[in-house]
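Undergrad: sequence and predicted structure below; questions after.
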Amino acid sequence: MTIAIDWHLARALLEWQVELGVTDAVLAEPVDRFARVEERLDAEAQRAAPQVSGARTPVAAAPDDGPDAVAEATRLALAAQDLPALAEALQEFPYCELRRGARNCVFSDGNPNARLMIIGEGPGADEDRQGRPFVGKAGQLLDQMFAAIGLSRGSPDPNASFYVTNTVPWRPPANREPTPDELAMLRPFLLRHIELAAPEVLVLVGNVACAALLGKRGITKLRGRWTTAQGIAAMPMIHPASLLRNPEAKREAWADLLAIKARLQGGDRDPH
């Protein structure tokens, strides 16, 4: 049943809500507006396509003459002979859609000669704005964590510093995780990045880094256990952003940091 409300009553009700402090219109359920845009575009495409009775909707296929993005990424990555050349190749790589919504290509930070290399997920808003990885609240916690074992990204000493990058260099929309296709497309650059930096120890921060380099997820089970990635000793760790949400996990993170310190000091040489 529809109840008619005149203009004066509607205004009075609105002013009453404003006085109560209501400033935003919120629905009972969250709305995925990205999904709505996709649904609208799909509907428009279906209306524009010719309709044939009894025919199945064809599945779109990649054009035969289109570029193979993974092959092109591999070619460009292998052609880079040093880190500046790799950064330039990545900056100019045109096939990843993530770059369209990002301000900056976030390549790396810290000492590229460091014995320890940290690999995270992808840039957030602060990282996208500054063009450096791990500079927001999670990044500040990361710095504090590794400072506790005597490492900083700003130290010129390879024994007292770390080097940090991400699996993808462009911020995904709304801070979502990179998709498997995006990870696969950009993985050749990540592998070449590791090869050129040549660290002694890798730290894989969070599920996305583990998926990209180990082909596994489930960080709570993977963390704390040495493994290998690209022939290098690797320690999976819980992401600092997760630690901010779940401080009780900091005890496990501290145990992992001590294991990393021991590895760098030569106290644990078995990567398994």
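TA: Here it is on my side, so go on. Numbering: from 1, shown residues only.

Undergrad: ranges for the helices of the stretch 51-200 of the chain?
TA: 69-79, 83-92, 125-130, 137-147, 180-197 (DSSP state H, counting those that start in this stretch).

Undergrad: who does the second one touch, helix- and strand-wise?
TA: Contact here means 3 or more CB pairs under 8 Å, 6 or more residues apart in numbering; DSSP states H and E; on that basis helix 83-92 packs against helix 69-79, helix 180-197. In this view, the C-beta of every residue, glycine as well, is placed from N, C-alpha and C.

Undergrad: over to the last one?
TA: Here helix 180-197 is seen to pack against helix 69-79, helix 83-92, strand 116-120, strand 162-166, helix 206-214 when contacts are counted using 3+ CB pairs under 8 Å, 6+ apart.

Undergrad: next: the fourth one.
TA: If contacts are counted by 3+ CB pairs under 8 Å, 6+ apart, helix 137-147 sits against strand 116-120, helix 240-245, helix 250-264.

Undergrad: try it again with 6 Å
TA: Secondary structure elements in contact with helix 137-147, counted by 3 or more CB pairs under 6 Å, 6 or more residues apart in numbering; DSSP states H and E, are helix 240-245.

Undergrad: okay, buried residues for the helix it packs on please.
TA: Pro240, Ala241, Ser242, Leu243 (16 or more other CB atoms under 10 Å).

Undergrad: quick one: which of those is nearest to Ala12?
TA: Ala241 (45.2 Å; CB to CB).

Undergrad: hmm, Ala138 and the closest one touching each other?
TA: Yes. The pair formed by Ala241 and Ala138 meets the contact definition of CB atoms under 6 Å, at 4.1 Å.

Undergrad: of the helices of the stretch 51-200 of the chain, which approaches Arg225 most closely?
TA: Closest among those, once you apply CB to CB, is helix 137-147, at 18.3 Å.

Undergrad: what's the angle from that closest one to helix 250-264?
TA: 50 degrees (axes from the mean of the first three to the mean of the last three CA atoms, to 10 degrees).

Undergrad: buried ones in helix 137-147, by neighbour count?
TA: Quick answer for helix 137-147 (16+ other CB under 10 Å): Ala138, Gly139, Leu141, Leu142, Asp143, Met145, Phe146.

Undergrad: now swap in stretch 111-122 and tell me
TA: So for stretch 111-122, counting by 16+ other CB under 10 Å, buried means Asn111, Pro112, Ala114, Arg115, Leu116, Met117, Ile118, Ile119, Gly120, Glu121, Gly122.

Undergrad: residues contacting that stretch, please?
TA: 83, 158, 161-166, 168, 172, 178, 197, 199-206, 208-209 (CB atoms under 6 Å, 6 or more residues apart in numbering).

Undergrad: output it as CSV, nothing but the C-alphas.
TA: Output of stretch 111-122 as CSV, limited to C-alpha atoms (Å, rounded to 0.1, in the frame of the first residue of the first chain):
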residue,chain,number,x,y,z
ASN,A,111,68.0,-1.7,-0.5
PRO,A,112,68.1,-3.8,-3.7
ASN,A,113,71.4,-5.4,-2.5
ALA,A,114,69.7,-6.6,0.8
ARG,A,115,70.0,-10.3,1.6
LEU,A,116,66.3,-10.3,2.5
MET,A,117,63.5,-9.6,-0.1
ILE,A,118,59.9,-9.2,1.0
ILE,A,119,57.0,-9.8,-1.4
GLY,A,120,53.5,-8.6,-0.6
GLU,A,121,50.2,-8.5,-2.4
GLY,A,122,49.6,-5.3,-4.2
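
Undergrad: what pLDDT, on average, does it get?
TA: Average pLDDT, stretch 111-122: 97.

Undergrad: about what we covered before: dump the buried residues of helix 137-147 to TSV, plus pLDDT and distance to Val106.
TA: TSV is the format used below for these (pLDDT from 0 to 100; distance: CB to CB, whole Å):
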residue	pLDDT	distance to Val106
Ala138	96	14
Gly139	97	11
Leu141	97	18
Leu142	98	14
Asp143	98	16
Met145	98	20
Phe146	98	19
